[in-house]
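A.B. asks: Pasted the sequence and its predicted model underneath.
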Amino acid sequence: MSDEQDKPPGDSPQPPTPPEPAAPAEPAPAAPSAPPAAAAPPEAAEPSAAPPAVPPGIKTPLSEEEKAALKAAALEKARAAAEAKKAAAEAAAGSPQAVGAVQQPADIEGRTAETSEEAKAAAKAAALEKAKAAVEAKRAAAAAGGAAAAPAAPAKPKPAHEEDPNKPVWEKDPVAPEWKDGSEDPLAKAIKEEFGDAIQSARSFAGDLTFQVRLDAIAEVAASLKHKHQFTYLVDLCGADYPKREPRFDVVYQLHSFEANRRIRLKVSTDEATPVPTVSGVWRVANWPEREVYDMFGVRFAGHPDMTRILLWEGFNGYPLRKDFPVEGIDTGSAIYPEYYEPTAGPVAGTGTGWKPAKPPEPPTPGTPPAGATKTPPQEPA
């Protein structure tokens, strides 16, 4: 604008002169484009103009209208999310009735919509029915699968003892044999046929037969086994003590046949008062083993040529291999006996062979040459 227009109309005595033709045309006051608000003076600003700019970092408080608009937008967003969640739950459950009350949308105030007791009971019943249907379907599928599958083969019983076949013999675990009935063995049949009830039993252990023989028939059975079945070797003869059994003692005979390369066992049972018939007439070697059984167990043998102790002295108190013999030993009283005694004059009168050191040689008499010396003839004088 020109200077004349800026001046107030009362200051000029003369009317305003028309503008010069060469001057540029000024915009009319009623022009649609108003000058920028910043360029206008403060008194010329309109009341509806935007507030002045706020420095950065300072939050401007919202008006009531803006707060209501934001709240309405948040409620609308929550309502839309709840509707989408409900739709998804209905699609997963298959029907709106199966959807739980937790999945229902919220009301405008944000509170969860309350479900009536009838609706809750209906939802619970529907869930139970669905669970029952799932269980029935699972059972049906299992039954169909079991019927279609081939019957399983019975499990192979595990052997009592498994061993690596490639393991060396000396590393393999030993397998304990068991007692078996030996009555079907040819030797058992032959002995049983010959002696009948005198053979009380025949059992086998690790391939070796054991005959339980009646006490009075042991010598006859031993003679038959030696002369008819070639069991010519008496390996051992020993005793055994079973204090809680009657009769208490066993006498065991181990026999071997070189011709058959076989070993068998004979057993007889007796008590302390009943002697066992001796087999020293069948095998002469049985003499000392029978004396040892008597010495250790107190079992006597009828018909033995010298039924005396062989390891301990006559008069020893007790039998050391009996189970009731004290482990710590007993006072035998051996100190009261002499170091030797004459034959048949031991602690038990009339028994024992006695022991006496060799008689020392008598000293030579004067003029008697010593033993072994050569007697030289006297020399004649010259």
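C.D. replies: Right, received. Where do you want to start?
A.B. asks: where do the strands sit along the stretch 201-350 of the chain?
C.D. replies: Here the stretch 201-350 of the chain has its strands, by DSSP state E, counting those that start in this stretch, at 208-213, 233-241, 249-257, 262-270, 276-277, 301-302.
A.B. asks: Could you check how far residue 261 is from residue 291?
C.D. replies: Separation of residue 261 from residue 291 (CB to CB, to the nearest Å): 30 Å. All C-beta atoms are positioned from the backbone trio N, CA, C, and that covers glycine.
A.B. asks: With neighbour numbers in mind, choose between the two.
C.D. replies: Shown here are residue 261 and residue 291; by other CB atoms under 10 Å, residue 291 has more neighbours (20 against 7).
A.B. asks: Going by secondary structure, residue 145 is in what exactly?
C.D. replies: helix 117-148 (DSSP states H and E).
A.B. asks: Just the buried residues of that helix, please?
C.D. replies: 123, 126 (16 or more other CB atoms under 10 Å).
A.B. asks: strands paired with the next helix or strand after that helix, and their directions?
C.D. replies: Going down the chain from helix 117-148, the next helix or strand is strand 179-181, by DSSP H and E. Strand 179-181 has the following strand partners under DSSP bridges: strand 199-205 (antiparallel).
A.B. asks: so the strand it pairs with versus strand 262-270, what angle?
C.D. replies: Calculated by axes from the mean of the first three to the mean of the last three CA atoms, to 10 degrees, strand 199-205 forms an angle of 130 degrees with strand 262-270.
A.B. asks: Report the angle between strand 199-205 and strand 208-213.
C.D. replies: For strand 199-205 against strand 208-213, the angle by the same axes, to 10 degrees is 160 degrees.
A.B. asks: Would you mind listing the outside residues contacting strand 199-205?
C.D. replies: Outside strand 199-205, the residues within contact range by CB atoms under 8 Å, 6 or more residues apart in numbering are 177-183, 185, 188, 191-192, 209-214, 221.
A.B. asks: With adjacent residues omitted, what lies nearest to residue 199?
C.D. replies: Spatially, and ignoring its direct neighbours in sequence, residue 199 is nearest to residue 192 (5.0 Å; CB to CB, 6 or more residues apart in numbering).
A.B. asks: any idea which element that neighbour lies in?
C.D. replies: helix 186-195.
A.B. asks: tell me which residues in that helix are buried?
C.D. replies: Residues of helix 186-195 classed as buried: 187-188, 191-192, 195 (neighbour count, 16+ other CB under 10 Å).
A.B. asks: Farthest pair within the residues you listed?
C.D. replies: 187 and 195 (12.3 Å; CB to CB).
A.B. asks: Skipping its backbone neighbours, what lies nearest residue 319 in space?
C.D. replies: Leaving aside its chain neighbours, residue 319 sits nearest to residue 298 (4.2 Å; criterion: CB to CB, 6+ apart).
A.B. asks: what about that neighbour, distance to residue 327?
C.D. replies: According to CB to CB, residue 298 and residue 327 sit 18 Å apart.
A.B. asks: Looking at those two, which one has more neighbours?
C.D. replies: Neighbours were counted for residue 298 and for residue 327 using other CB under 10 Å; residue 298 has more, 15 against 5.
A.B. asks: Could you turn the buried ones of the contacts of strand 199-205 into a ChimeraX selection?
C.D. replies: Per 16+ other CB under 10 Å, the buried members of the contacts of strand 199-205 correspond to this ChimeraX selection:
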select :182,185,188,191,192,209,210,211,213,214,221
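A.B. asks: number of nearby residues for the closest residue to residue 321 other than its chain neighbours?
C.D. replies: Spatially, and ignoring its direct neighbours in sequence, residue 321 is nearest to residue 296 (3.9 Å; CB to CB, 6+ apart). Here the count is done by other CB under 10 Å, and residue 296 has 20 residues near it.
A.B. asks: which secondary element of this protein has the worst mean pLDDT?
C.D. replies: Lowest by mean pLDDT, DSSP states H and E among the helices and strands of the chain is helix 3-6, with a mean of 50.
A.B. asks: Check which helices and strands the helix or strand following that one sits against.
C.D. replies: Later in the chain than helix 3-6, the nearest helix or strand by DSSP H and E is helix 64-93. In terms of contacts (3 or more CB pairs under 8 Å, 6 or more residues apart in numbering; DSSP states H and E), helix 64-93 is packed against no helix or strand at all.
A.B. asks: sorry, back to before: the residue nearest to residue 319 is in contact with residue 321, isn't it?
C.D. replies: No - counting by CB atoms under 8 Å, residue 298 sits too far from residue 321 to count as a contact (9.3 Å).
A.B. asks: wait, what's in contact with residue 325?
C.D. replies: Contact analysis of residue 325 by CB under 8 Å, 6+ apart lists 318-319.
A.B. asks: and residue 258, what pLDDT?
C.D. replies: Model confidence at residue 258, expressed as pLDDT, equals 96.
A.B. asks: give the contact list for it.
C.D. replies: The contact partners of residue 258, taken as CB under 8 Å, 6+ apart, are 230, 232-233.
A.B. asks: Ok, residue 239 next?
C.D. replies: 249-252, 293, 296-297, 299, 321.
A.B. asks: Quick one: buried ones out of those residues?
C.D. replies: Buried members of the contacts of residue 239, counted by 16+ other CB under 10 Å: 249-251, 293, 296-297, 299.
A.B. asks: what's in contact with stretch 288-302?
C.D. replies: Counting by CB under 8 Å, 6+ apart, stretch 288-302 makes contact with 236-239, 241, 249, 251, 270, 272, 275-280, 304, 306-312, 319-322, all of which sit outside it.
A.B. asks: cool, stretch 214-226 as well?
C.D. replies: Residues outside stretch 214-226 that contact it (CB under 8 Å, 6+ apart): 191, 194-195, 197-200, 211, 213, 231-232, 251, 253, 255, 264, 266, 268-270, 274, 276-279, 281-283.
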